[in-house]
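Student: What would the 3D arrangement of this be:
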Amino acid sequence: MPAEEKAPEQKEKAVSRSIRLLSAAVLAATLVVGCGTSKNTQDASIQGCNADPGGGKPTANGIVVNTSSKSSSFFIRLGFYDQAGNRISEGADTVGSIDPGGTGPWSITGAADANGPLTCEVMTLRRTAAPGG
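Tutor: Down below sits the predicted model:
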């Protein structure tokens, strides 16, 4: 078979392989989300949201509640916003294993300096069930 005829066949195989790999990745991501990962940001409350008086990095703290039936750890990502509603900094924290119905404290320092009054918003809350939990 001439070299010109092999190229389309090889391209078709490469595209088919890419589609199979993408399908496998989507399936794997779906399974992970279905196995105890939650994005319910209402389970994380903000108790303090403070700008640094000297214009340094802002801080926030609060409590996360495990509303699931399994011991779980949590990842929290928080945004810091100026009075105009612009996100000016963000940060993240993890909270180790919390028993079902229990609570755990979190504390976040923003990545960038911030001036003036701030508001805070939990942007992401991910729950991961503990193995065997």
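Student: drop to CA atoms for contacts and neighbour counts, all remaining ones
Tutor: Noted.
Student: next structured bit after the helix-or-strand element of the chain with minimal mean pLDDT?
Tutor: For the chain, counting by mean pLDDT, DSSP states H and E, helix 3-34 ranks last in confidence among helices and strands (a mean of 48). Moving toward the C-terminus from helix 3-34, the first helix or strand encountered (DSSP states H and E) is strand 44-50.
Student: and the closest residue to Ile46 other than its chain neighbours, what does it touch?
Tutor: Nearest in space to Ile46, with sequence neighbours left out and distances taken as CA to CA, 6 or more residues apart in numbering, is Gly62 at 4.4 Å. Listed by CA atoms under 8 Å, 6 or more residues apart in numbering, the contact partners of Gly62 are 44-48, 105-107.
Student: Check the residues you listed against Lys70 and report the nearest one.
Tutor: Ala44 (16.8 Å; CA to CA).
Student: where in this protein is pLDDT low?
Tutor: Applying pLDDT under 70 to the chain flags the ranges 1-39, 133.
Student: Can you tell me how far Ile63 is from Ala84?
Tutor: 26 Å (CA to CA, to the nearest Å).
Student: the more surrounded of those two?
Tutor: Remark: of Ile63 and Ala84, Ile63 carries more neighbours, 16 against 7, as counted by other CA atoms under 10 Å.
Student: does that one belong to a helix or a strand, and which?
Tutor: Per DSSP H and E: strand 59-65 holds Ile63.
Student: how about that strand: buried residues?
Tutor: Within strand 59-65, the residues scored as buried using 16 or more other CA atoms under 10 Å are 59-61, 63-65.
Student: One more: stretch 97-117?
Tutor: In stretch 97-117, counting by 16+ other CA under 10 Å, buried: 97-99, 103-111, 114-115.
Student: Tell me which residues are up against it.
Tutor: Looking at what lies outside stretch 97-117 - CA under 8 Å, 6+ apart - the contacts are 50-74, 78, 80, 82-83, 88-95, 130.
Student: now the closest residue to Val64 other than its chain neighbours: how far from Gln83?
Tutor: Excluding its sequence neighbours, the residue lying closest to Val64 (CA to CA, 6+ apart) is Ala44, at 4.2 Å. For Ala44, the distance to Gln83 equals 22 Å [CA to CA].
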